[in-house]
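Participant: could you look at this predicted model? Sequence included:
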Amino acid sequence: MSWFYFFDLCGTAVFALTGALAAGRHRMDPFGVTVLAAVTAVGGGTIRDAIIGATPVFWLRDPNYLIVILATVGFTLVFIRRPRKVPQYTLPIADALGLALFTVIGAQKALSLGLNGMSAVIMGLITGVGGGIIRDVLCRQIPMVLRTEIYATASILGGIAYTLSLQLGMNSQTALWLSMLSALILRLAAIRWHLSLPAFDLKTRRD
Amino acid sequence: MSWFYFFDLCGTAVFALTGALAAGRHRMDPFGVTVLAAVTAVGGGTIRDAIIGATPVFWLRDPNYLIVILATVGFTLVFIRRPRKVPQYTLPIADALGLALFTVIGAQKALSLGLNGMSAVIMGLITGVGGGIIRDVLCRQIPMVLRTEIYATASILGGIAYTLSLQLGMNSQTALWLSMLSALILRLAAIRWHLSLPAFDLKTRRD
Amino acid sequence: MSWFYFFDLCGTAVFALTGALAAGRHRMDPFGVTVLAAVTAVGGGTIRDAIIGATPVFWLRDPNYLIVILATVGFTLVFIRRPRKVPQYTLPIADALGLALFTVIGAQKALSLGLNGMSAVIMGLITGVGGGIIRDVLCRQIPMVLRTEIYATASILGGIAYTLSLQLGMNSQTALWLSMLSALILRLAAIRWHLSLPAFDLKTRRD
């Protein structure tokens, strides 16, 4: 099993976990939890595959993704029963991990299909942020990507790092680790220290 | 005309009706009503076809679906003018009927394309709940599938019943009726007696 | 460069502008602004291409769309810094222009792929209203198409005008201008004089 495949399944698990935790905040039943976890975990990759035309989409061709989702939901339902036991930052940190992993997976998939570097960065972004956007829209939260804290930025950085590393002749496994960690560290730092780029602000009246 | 096709058009009509009724609660004009009715009626099947790669999607290949939607919208606009005349449970009951019909149609389509049983259940679920989710998100309602009452559960039950019946060698028409009725009855019972599975609840602090 | 291509890029720019302005109201960072602008600009056309099966979708095959979006976002971030400088109607007027342009482009694309007139009108509608719906849903606004003022109506009028003009043997460039202007003028008039068709209203209790 390659590192790419392993990372893809890891990203699926952590995004499924964020979906299941979000479902728990809306008091959903086990099947509703499963639906939200699955949509979060495969939503971004599904949009990517539909846009590229790689149909049937990935999780119809490889049942392991669905098995990982079901196992994650089962684990969540059994072991995370008391709200107090979920540390405050569990959801954002799991989301950050999924964002970093899926960004690189998405860029890799685009490059392997012969798309150019710019498209690869965008495919990484769609794969990384798509599932979380669907999760947040369904739960009527403002999507994380719309808030000020560095989010899309981390995904775009990861995608550019991966694409550039390969074009500079780096080994694909090193590029994978390097770009994944750069996106993850940037996003975690943004959560920890509330880092943000200057906002484009048309709301506050300043003059 | 086969039962499958007839049921598919019936599901299209009842989901179009739920979209038109939801539009009436937002005071939309006739073309807005038509858009919401159409999105609700074909949304789930469109996502299904895009995911499978069955493009152009079904309603581009067969104009009868659009004709059914236009007829349903015309009927709704002409005959349902006074709010008091819409009994309280019209929308959820029509939605339940559409959910049951589209679940079986979606599973059937997946199986006819050679997908395995697990994928068929998921395709049934996407076809059954997709349109209603889009309708509710556009109207800024919490999607029915996110609420506690048995909803996704009914669709999954119907999909499993259909797939298992066929694998046990049952006649495809009997399997169609059996699975459709099982999903419908479960969902109607859930509406009538407010049945729900135990919720996964991370909101209430219990300790 | 044909008028169709020029109009398509113009529509991309004005929809990107509406997305960037909407982002400014939510205080997003530059990369978040870019994501929302891009989703608004290519969202409708992407859904159209995925539904028709014209994959990889248009902006993966022609980088000019992304370049136009990046340039528009750059322009917006640099020149539109003070809220007071954005006249009240900028967003709806830019949105109306994009609606009119994209409707005709979408209908044209459907006809060029051999779809019938009814499908062409619907593809025009999806291309015209899709991006704006995604923008409004992500920003948790009620989508413009759901409000009473003439909106879907203007797009459907434009699509029918374009399809009919061609079937009546009109020159394709004349048909393009005629239908684009008819949709634009109708939508602008609706904004200016608050025109609306009679609403389908199930909320107000009248009896």
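Facilitator: That came through, no problem.
Participant: give me phi/psi at the residue of chain A found nearest chain B?
Facilitator: Nearest residue of chain A to chain B, counting by CB to the nearest CB: residue A:55, 2.7 Å away. (C-beta placed from N, C-alpha, C; glycine too.) Dihedral pair for residue A:55: phi -110, psi 150, per degrees, to the nearest 10.
Participant: what's the burial count for it?
Facilitator: When counting by other CB atoms under 10 Å in any protein chain shown, one arrives at 21 neighbours for residue A:55.
Participant: over to the one 3 residues further on?
Facilitator: Counted with other CB under 10 Å, the neighbours of residue A:58 add up to 17.
Participant: picking that back up, these two touch, right, the residue of chain A closest to chain B and residue B:53?
Facilitator: Yes - using CB atoms under 8 Å, residue A:55 is in contact with residue B:53, at 2.7 Å.
Participant: can you pull up the most central residue in chain A?
Facilitator: residue A:99 (3.1 Å; CA atoms, centre = their mean).
Participant: isn't it right up against residue A:132?
Facilitator: Yes - applying CB under 8 Å as the test, residue A:99 and residue A:132 come out as touching, 7.2 Å apart.
Participant: distance of the residue of chain A found nearest chain C from residue C:33?
Facilitator: Closest to chain C within chain A is residue A:53: 2.7 Å, counting by CB to the nearest CB. Per CB to CB, to the nearest Å, residue A:53 is found 29 Å from residue C:33.
Participant: phi first, then psi, for residue A:92.
Facilitator: Phi and psi for residue A:92, reported as degrees, to the nearest 10, are phi -60, psi -30.
Participant: once you drop chain neighbours, what's closest to it?
Facilitator: Nearest residue to residue A:92, sequence neighbours excluded (CB to CB, 6 or more residues apart in numbering or on different chains): residue A:191, at 5.3 Å.
Participant: helices or strands up against the helix or strand encompassing that neighbour?
Facilitator: Following DSSP states H and E, one finds residue A:191 within helix A:172-193. When contacts are defined as 3 or more CB pairs under 8 Å, 6 or more residues apart in numbering or on different chains; DSSP states H and E, helix A:172-193 sits against helix A:3-25, helix A:90-112, helix A:152-167.
Participant: so for the next helix or strand after the first one, what's the average pLDDT?
Facilitator: Moving toward the C-terminus from helix A:3-25, the first helix or strand encountered (DSSP H and E) is helix A:30-52. With pLDDT averaged residue by residue, helix A:30-52 scores 94.
Participant: which positions in chain A make contact with chain C?
Facilitator: With CB under 8 Å from any CB of the partner chain as the criterion, chain A comes near chain C at residues A:50-53, A:55, A:115-116, A:118-119, A:122, A:125, A:129, A:133, A:137, A:140, A:142-143, A:145-148, A:150-153, A:156, A:196-207.
Participant: hmm, the helix or strand hosting residue A:126 touching chain B?
Facilitator: Using DSSP H and E, residue A:126 maps to helix A:117-138. Yes - judged by CB under 8 Å from any CB, helix A:117-138 comes into contact with chain B through A:137, A:138.
Participant: how about that helix: buried residues?
Facilitator: For helix A:117-138, burial by neighbour count (16 or more other CB atoms under 10 Å in any protein chain shown) applies to A:117-138.
Participant: between that helix and helix A:172-193, how many degrees?
Facilitator: Per axes from the mean of the first three to the mean of the last three CA atoms, to 10 degrees, the angle that helix A:117-138 makes with helix A:172-193 is 40 degrees.
Participant: and helix A:117-138, what does it pack against?
Facilitator: Applying 3+ CB pairs under 8 Å, 6+ apart, we find helix A:117-138 packed against helix A:3-25, helix A:30-52, helix A:90-112, helix A:152-167, helix B:117-138, helix C:117-138.
Participant: one more pass at 7 Å, please.
Facilitator: Contact here means 3 or more CB pairs under 7 Å, 6 or more residues apart in numbering or on different chains; DSSP states H and E; on that basis helix A:117-138 packs against helix A:3-25, helix A:30-52, helix A:90-112, helix A:152-167.
Participant: chain center to stretch A:41-61: distance?
Facilitator: 14 Å (CA atoms, centre = their mean, to the nearest Å).
Participant: give me the buried positions along it.
Facilitator: Residues A:41-60 are the ones in stretch A:41-61 that count as buried (16+ other CB under 10 Å).
Participant: what do you get for stretch A:7-24?
Facilitator: By neighbour count on 16+ other CB under 10 Å, the buried set for stretch A:7-24 is A:7-24.
Participant: within reach of chain B, which of these are there?
Facilitator: Residues of the buried residues of stretch A:7-24 in contact with chain B (CB under 7 Å from any CB of the partner chain): A:21, A:23, A:24.
Participant: in this structure the first one contacts residue A:89, no?
Facilitator: No - taking contacts as CB atoms under 7 Å, residue A:21 lies outside contact range of residue A:89: 11.5 Å.
Participant: now residue A:113, nearest residue through space, not along the chain?
Facilitator: Nearest residue to residue A:113, sequence neighbours excluded (CB to CB, 6+ apart): residue A:52, at 6.1 Å.
Participant: same deal with residue A:115?
Facilitator: Nearest residue to residue A:115 in three dimensions, chain neighbours excluded: residue C:60, at 6.4 Å (CB to CB, 6+ apart).
Participant: am I right that that neighbour sits in a helix?
Facilitator: Yes - secondary structure of residue C:60 (DSSP: H, G, I helix; E, B strand; the rest coil): part of a helix.
Participant: residue A:147 and residue A:198, how far apart?
Facilitator: From residue A:147 to residue A:198 the distance is 14 Å (CB to CB).
Participant: of the two, give the one with the bigger neighbour count.
Facilitator: Just comparing residue A:147 and residue A:198: by other CB under 10 Å the higher neighbour count belongs to residue A:147, 17 against 9.
Participant: distance of that one relative to residue C:48?
Facilitator: From residue A:147 to residue C:48 the distance is 30 Å (CB to CB).
Participant: ok, now residue A:8?
Facilitator: The gap separating residue A:8 from residue C:48 is 29 Å, by CB to CB.
Participant: show the pLDDT at the nearest residue to residue A:201 once chain neighbours are set aside.
Facilitator: For residue A:201, ignoring the flanking residues on the chain, the nearest one in space by CB to CB, 6+ apart is residue C:27 at 4.9 Å. pLDDT for residue C:27: 83.
Participant: quick one, phi/psi of residue C:27?
Facilitator: phi 50, psi 50.
Participant: can you verify residue A:142 is assigned to a helix?
Facilitator: No - going by three-state DSSP, the assignment for residue A:142 is coil, not a helix.
Participant: setting the sequence-adjacent residues aside, check what's closest to it.
Facilitator: Excluding its sequence neighbours, the residue lying closest to residue A:142 (CB to CB, 6+ apart) is residue C:140, at 6.4 Å.
Participant: what's the burial count for the one you found?
Facilitator: Per other CB under 10 Å, the neighbour tally for residue C:140 reads 15.
Participant: with residue A:184 instead?
Facilitator: 21.
Participant: pLDDT score for it?
Facilitator: At residue A:184, the pLDDT value in this model is 96.
Participant: how many residues are close by residue A:195?
Facilitator: Counted by other CB under 10 Å, the residues lying close to residue A:195 total 14.
Participant: residue ranges in chain A under the pLDDT threshold?
Facilitator: Low-confidence segments of chain A, defined by pLDDT under 70, span residues A:1, A:82-86, A:148, A:204-207.
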